[in-house]
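Participant: Structure for this input, please:
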Amino acid sequence: MSQSPPPAPPRLTIFGRGSYAEALRIGEILRKETVGGALLVIAAVVALIWANSPASDSYFALRDFKVGYEPWHLELSLGAWAADGLLAIFFFLVGLELKREFVAGDLRQLNKSVVPVTAAAGGVLVPALIYAAVNISSPETLRGWAIPTATDIAFAVAVLAIIGSHLPSALRIFLLTLAVVDDLIAISIIAIFYSSDIQPVPLLLALLPLGIYLLLAQKFRRFFGTHLAAAWFILLPLGVVVWALVHASGIHATVAGVLLGFAVPVLRSQASGGPDAGPGLAEIFEHRFRPISAGIAVPIFAFFSAGVAVGGGEGLVSAFTDPVALGIVLALVLGKPIGIMGTTWLLTKTTKARLDGSFKWIDVFGVSLLAGIGFTVSLLVAELSFGHGSIHDDHAKVGILSASLLAAVLATVVLRTRNRQYRLAEAEEKIDSDLDGIPDVYQKDRTS
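Facilitator: Alright, predicted model coming up:
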């Protein structure tokens, strides 16, 4: 008797819907990031207007005003405090989100993580190569190769929320997941390529408060989850000490935020009911501190970093004749979609992967364009590459702002058309659903 052939292995779905719990959690994050994105845009616009107004001197005086304790090498300008200090809060949230995704989220499963990880890698590599190709003859400007590699999730999600109310949820989940992996790559780039004059003693000393922080967060996760003030009075001072020592070591201080985020446990302890008993400490901290990051830290950073004196039409011409700005615009507007779409397409051709049936390649193209919105991390890397207030830094800011605006406009053109089609399809489905309960004799009147 012949045996039937074994069933074929299930095909990997590109940009699948993910689990229901994950979709709910990411949907909540997207709503919060939408508000943060709006505040980010407002802060950047205010900074640009002020920096190009007759009162521009007062803006730059405020940005460069120094405050802090010099013996600890912490007498920094307000702009530097925003970049090194406030952005550590943003990267703390990134650390929490990364650990949550890889420990308890959909990315812990290889078949769900391979696509966004590969797409994010393509979305980093291709822009970097395009920027490097434009600046290959200038070693001084080539240092900015990492500027166009990051996607600003708050800015991108704010645009998506405005134009994509009826787009499939899988696309929204993919955008956030892509940005999470993108942030991980950006953190690694900052830690490896933009740390200089490493001081081993402060770096080793930082391990002591970090270890205590880790021990307390792991051992007393239930206590910190139920007592709001405990984290502020116990964990926060330890975190500040870690941040100060990492800052003194020569590694960019935002890396301290990521390390502190990684130290927070994701799953509940067995004494508290185990992994199935509700959100763990990382998710609780995420709910508590995301409003601080999205509503205060990132907008203030944007205010101090986006302000650049353009200098009118002549200044714009000067900026875009600099290969820095040109390379950034080409890398973000062309490199991001090429990298993301290209790696995703290759996956479908070289593996058994297929596109999720709820949307089409044109939708992926629209989201890939949206990923070209680089802002927060791009501005930070520009300052690390060229120095705060240098001519190349100013031109890089012009390139970042211009590219982000252009990417947002192009994505809007593509996704608004798709959103309209999905809205019409939903309306048709609703009509068909309503007709299911109507006798056939009445339906004939509709079709005649």
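Participant: Ser195 sits in which helix or strand?
Facilitator: Assigned by DSSP states H and E, Ser195 belongs to no helix or strand.
Participant: what pLDDT does it get?
Facilitator: Ser195 carries a pLDDT score of 77 in this model.
Participant: Got phi/psi on the residue nearest to it when sequence neighbours are not counted?
Facilitator: What sits nearest to Ser195 in space, not counting adjacent residues and going by Cβ to Cβ, 6 or more residues apart in numbering, is Ile251, at 4.4 Å. Heads up, the C-betas are built off the backbone N, CA and C, glycines and all. Torsion angles at Ile251 (phi, psi; degrees, to the nearest 10) stand at phi -80, psi 140.
Participant: With Ile192 as the reference, measure out to Ile251.
Facilitator: Distance from Ile251 to Ile192, counting by Cβ to Cβ, to the nearest Å: 10 Å.
Participant: how deep is Leu48 tucked in, by neighbour count?
Facilitator: The burial count assigned to Leu48 is 19, neighbours taken as other Cβ atoms under 10 Å.
Participant: quick one: it from Ile147, how far?
Facilitator: Separation of Leu48 from Ile147 (Cβ to Cβ): 18 Å.
Participant: so where's the stretch 51-200 of the chain uncertain?
Facilitator: Scanning the stretch 51-200 of the chain for pLDDT under 70 picks out 106, 110-112, 164-165.
Participant: Can you identify each of the strands in it by residue range?
Facilitator: In the stretch 51-200 of the chain, the strands defined using DSSP state E, counting those that start in this stretch lie at 66-67, 76-77.
Participant: for the ones you listed, which one ends up most surrounded?
Facilitator: strand 76-77 (a mean of 18; mean count of other Cβ atoms under 10 Å).
Participant: Using PDB, write down the CA coordinates of stretch 76-86.
Facilitator: The C-alpha trace of stretch 76-86 is given here as PDB (Å, rounded to 0.1, in the frame of the first residue of the first chain):
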ATOM      1  CA  LEU A  76      27.500  70.700  29.600                       C
ATOM      2  CA  SER A  77      25.500  73.000  27.300                       C
ATOM      3  CA  LEU A  78      21.700  72.600  27.400                       C
ATOM      4  CA  GLY A  79      21.900  71.100  23.900                       C
ATOM      5  CA  ALA A  80      24.500  68.500  25.200                       C
ATOM      6  CA  TRP A  81      22.300  67.800  28.200                       C
ATOM      7  CA  ALA A  82      19.400  67.100  25.900                       C
ATOM      8  CA  ALA A  83      21.500  64.800  23.600                       C
ATOM      9  CA  ASP A  84      23.400  63.000  26.400                       C
ATOM     10  CA  GLY A  85      20.900  63.100  29.200                       C
ATOM     11  CA  LEU A  86      17.300  63.300  28.000                       C
END
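Participant: What is the neighbour count of the closest residue to Trp50 other than its chain neighbours?
Facilitator: Spatial nearest neighbour of Trp50, chain neighbours left out: Tyr59 (4.4 Å); criterion: Cβ to Cβ, 6+ apart. As a burial measure, Tyr59 scores 21 neighbours (other Cβ under 10 Å).
Participant: Tyr59 contacts Leu48, correct?
Facilitator: No - Tyr59 is beyond contact range of Leu48, at 9.8 Å (criterion: Cβ atoms under 8 Å).
Participant: before we move on, the earlier item: which one of the strands of the stretch 51-200 of the chain lies closest to Ile362?
Facilitator: strand 76-77 (45.5 Å; Cβ to Cβ).
Participant: what's the closest one packed up against?
Facilitator: In this structure, strand 76-77 packs against strand 66-67, with contacts taken as 3 or more Cβ pairs under 8 Å, 6 or more residues apart in numbering; DSSP states H and E.
Participant: re earlier: let me know which of the strands of the stretch 51-200 of the chain is the nearest to Leu40.
Facilitator: strand 76-77 (20.8 Å).
Participant: quick one: strands adjacent to the closest one?
Facilitator: Next to strand 76-77 in the sheet, as set by DSSP bridges, lie strand 66-67 (antiparallel).
Participant: what sits up against the helix or strand Leu236 falls within?
Facilitator: Assigned by DSSP H and E, Leu236 belongs to helix 236-249. Identification of contacts with helix 236-249 by Cβ atoms under 8 Å, 6 or more residues apart in numbering yields 72-74, 84-85, 88, 92, 198-200, 202-203, 205-206, 209-210, 212-213, 216, 253, 255-257, 259-260.
Participant: Now, these that are in helices?
Facilitator: 88, 92, 200, 202-203, 205-206, 209-210, 212-213, 216, 255-257, 259-260 (DSSP state H).
Participant: helices or strands next to the longest helix along the chain in the packing?
Facilitator: Taking DSSP H as the criterion, the chain has its longest helix at helix 391-435. Packing partners of helix 391-435 (3+ Cβ pairs under 8 Å, 6+ apart): helix 153-163, helix 298-306, helix 312-321, helix 323-330, helix 361-370, helix 376-386.
Participant: can you redo the ones you listed as JSON lines with distance to Ile185 and mean neighbour count?
Facilitator: JSON lines is the format used below for those (distance: least, Cβ to Cβ, whole Å; neighbours: other Cβ atoms under 10 Å):
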{"stretch": "helix 153-163", "distance to Ile185": "13", "mean neighbour count": "24"}
{"stretch": "helix 298-306", "distance to Ile185": "19", "mean neighbour count": "25"}
{"stretch": "helix 312-321", "distance to Ile185": "27", "mean neighbour count": "13"}
{"stretch": "helix 323-330", "distance to Ile185": "17", "mean neighbour count": "25"}
{"stretch": "helix 361-370", "distance to Ile185": "16", "mean neighbour count": "23"}
{"stretch": "helix 376-386", "distance to Ile185": "10", "mean neighbour count": "25"}
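Participant: Which one of the ones you listed lies nearest to Val181?
Facilitator: Closest among the helices and strands packed on helix 391-435, using Cβ to Cβ: helix 153-163, at 11.1 Å.
Participant: Tell me if I'm right that Ile284 and Gly225 touch.
Facilitator: Yes - using Cβ under 8 Å, Ile284 is in contact with Gly225, at 4.9 Å.
Participant: okay, the two: which has more neighbours?
Facilitator: Neighbours per residue (other Cβ under 10 Å) separate Ile284 from Gly225, with Gly225 holding more: 23 against 19.
Participant: my read: the more buried one touches Glu286, true?
Facilitator: No - with contact defined as Cβ under 8 Å, Gly225 does not reach Glu286; the gap is 11.8 Å.
Participant: what about Ile251 and Ile192, which has more around it?
Facilitator: Neighbours were tallied for Ile251 and for Ile192 using other Cβ under 10 Å; the higher tally belongs to Ile251 (23 against 10).
Participant: gap between that one and Gly144?
Facilitator: Counting by Cβ to Cβ, the gap from Ile251 to Gly144 is 19 Å.
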